[in-house]
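Engineer: return a 3D structure for these sequence lines:
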Amino acid sequence: MKIDLTLAEGLKTPLYYYDRSLLESTLQEVNRCINGTPIKVHYAVKANCNPKILKVIADAGLGADCVSGREVTTAIKAGFPAQSICYAGVGKTDRELIGGMKAGIAYFNVESQEELEIISQLAEEYGYKPNVCLRVNPDIDAHTHHYITTGLEENKFGIHQSMLQKAVEFAQNSHYLNLVGLHFHIGSQITNTEPFKLLCEKINNLQDEYSAKGIEFKIINVGGGLGIDYDDPDKNPIPDFKGYFDTLLQNLKLKPGQELHCELGRSIVAQCGSLISKVTYVKKGLNRKFIILDAGMNDLIRPALYGAHHKIENLTAPKDVKVDIYDVVGPICESSDIFGKEERLPVTKRGDLIALRSAGAYGESMASTYNIRTLPESVLV
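Structural biologist: Numbering: from 1, shown residues only. Reported below is the predicted structural model:
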């Protein structure tokens with residue numbers, strides 16, 4: 001991504017800085033790869049819900065994947081047609097369910113037998129017949145951080161395969177539900193194809209099992225999970241969407257007329273965004289040097305929450321200045337408020353601008369006012 005230093009220097013930090021041209025190029029690549037295929041992509045709104053970002057994505061023709069009632073209304077306001085929205089989440093409230101039905105969303109991704117029964121009751125009470133997909137746990141370890149692995153045999157997400165038949169029978173027998181598909185999601189920041197191949201194998205087996213019973217599904221939703229290059233964002237600004245989609249198309253045995261839905265978030269928006277911060281102090285300890293930023297874990301929580309690492313760049317230091325080693329930290333009163341340890345950076349001074357790269361996903365959307373700090377501002381350039 002390109003950062004206009006003149007513009008950045010004139011803005012208040014900490015600041016989320018988005019490169020519109022990279023976002024549009026990424027969306028063009030997604031659309032190029034799925035053109036002429038049965039694939040429909042729903043953007044995972046939780047990755048970044050900035051209204052300006054959402055509008056660009058909606059204008060590109062993608063659908064939306066939402067996990068709360070406010071995400072649904074925000075997506076519609078940004079320009080996503082209601083009929084392009086799927087709605088997941090383990091704890092949808094009655095108000096959120098009724099709101100989704102009233103809005104006319106494409107379908108609910110249902111995560112439990114209990115939720116399925118409540119949707120049926122509410123649909124009967126309010127006169128709707130919503131489409132539903134059943135989220136299945138395929139018991140696949142995506143080998144990512146345990147906080148973002150969601151497809152294991154037993155967790156709060158989805159329906160265990162041994163319990164799926166009961167849910168299918170209930171949905172089919174309900175006069176107030178329209179069972180349209182199966183939904184899966186095995187995790188996030190997956191950077192090799194093997195977990196996706198395993199998922200396809202599980203889906204094929206399930207489809208064969210239900211075809212033998214005379215049950216077919218219009219939609220197979222494989223969720224998201226495609227990872228990005230956090231270490232070298234300039235070398236790989238756009239993920240390998242073709243490899244990802246080809247893996248699915250080559251390994252899934254789709255039926256004639258069946259739709260393949262994907263829910264991509266991080267891979268679409270992560271590389272177009274950076275968190276820009278100003279150096280408040282350069283502190284010399286006994287054996288270490290600390291760059292203390294005006295951005296903290298409340299602005300970008302991924303390093304503190306997941307142990308994630310974002311490439312750190314000094315935007316204002318001269319290119320020919322010598323390199324030193326620093327711990328890069330924030331001002332929050334938590335020992336976990338650290339962006340990087342033993343970072344090799346140009347000799348840095350108070351007032352320098354620092355970029356935390358690849359922060360377009362799960363950065364601004366997860367920001368908080370912890371320590372009663374103000375939320376970071378943003379600009380789409």
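Engineer: identify each buried residue in the helix or strand where residue 71 lies, please.
Structural biologist: If you go by DSSP states H and E, residue 71 is part of helix 69-78. Neighbour counts over helix 69-78 (16 or more other Cβ atoms under 10 Å) mark 69, 71-76, 78 as buried. C-beta coordinates here come from the backbone N, C-alpha and C atoms, glycine included.
Engineer: and if you look at stretch 20-40?
Structural biologist: 22-23, 26-27, 29-30, 33-34, 38-40.
Engineer: what's next to it, contact-wise?
Structural biologist: 1-2, 41, 53, 56-57, 60-63, 237-239, 241-242, 245, 248-249, 254, 258-262, 264, 267-269, 271-272, 360, 380-381 (Cβ atoms under 8 Å, 6 or more residues apart in numbering).
Engineer: any idea of the mean pLDDT for the helix ranked longest in the chain?
Structural biologist: If you go by DSSP state H, the chain has its longest helix at helix 194-211. Average pLDDT, helix 194-211: 96.
Engineer: re the thing from before, give me the subset of the buried residues of stretch 20-40 lying in strands.
Structural biologist: The members of the buried residues of stretch 20-40 that map onto strands under DSSP state E are 39-40.
Engineer: now, which of the buried residues of stretch 20-40 lie within helices?
Structural biologist: Of the buried residues of stretch 20-40, the ones assigned to helices by DSSP H are 22-23, 26-27, 29-30, 33-34.
Engineer: list just the nearest of those to residue 326.
Structural biologist: residue 22 (27.8 Å; Cβ to Cβ).
Engineer: which non-adjacent residue is nearest the closest one?
Structural biologist: Among residues not flanking residue 22 along the chain, residue 272 sits closest, at 4.4 Å (Cβ to Cβ, 6 or more residues apart in numbering).
Engineer: for that neighbour, give me its contacts.
Structural biologist: Contacts of residue 272 (Cβ under 8 Å, 6+ apart): 1, 18-20, 22-23, 26, 360.
Engineer: from residue 56, how far off is it?
Structural biologist: In this structure, residue 272 and residue 56 are 9 Å apart, going by Cβ to Cβ, to the nearest Å.
Engineer: if we can go back for a sec, using TSV, lay out the buried residues of stretch 20-40 together with distance to residue 105.
Structural biologist: Output for the buried residues of stretch 20-40, formatted as TSV (distance: Cβ to Cβ, whole Å):
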residue	distance to residue 105
22	29
23	25
26	25
27	22
29	27
30	21
33	25
34	21
38	20
39	19
40	14
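Engineer: can you name the two of the buried residues of stretch 20-40 that sit furthest apart?
Structural biologist: 22 and 38 (27.8 Å).
Engineer: tell me the mean pLDDT for the helix holding residue 71?
Structural biologist: pLDDT averaged over helix 69-78 gives 98.
Engineer: now do stretch 114-121
Structural biologist: 98.
Engineer: which residues are contacting it?
Structural biologist: Under Cβ under 8 Å, 6+ apart, the answer for stretch 114-121 is 90, 92, 94, 97, 108, 110, 130, 132, 134, 167, 170-171, 174, 176-177.
Engineer: swap in 10 Å and give it another go.
Structural biologist: Contacts to stretch 114-121, defined as Cβ atoms under 10 Å, 6 or more residues apart in numbering, come from residues 89-94, 97-98, 100-101, 108-110, 112, 128-130, 132, 134-135, 159, 166-168, 170-171, 173-177, 179.
Engineer: among these, which lie within helices?
Structural biologist: Short answer: the contacts of stretch 114-121 in helices (DSSP H) are 94, 97-98, 100-101, 166-168, 170-171, 173.
Engineer: buried subset of the residues you listed, written for ChimeraX?
Structural biologist: The ChimeraX selection below is limited to those of these classed as buried (16+ other Cβ under 10 Å):
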select :97,98,100,101,167,168,170,171
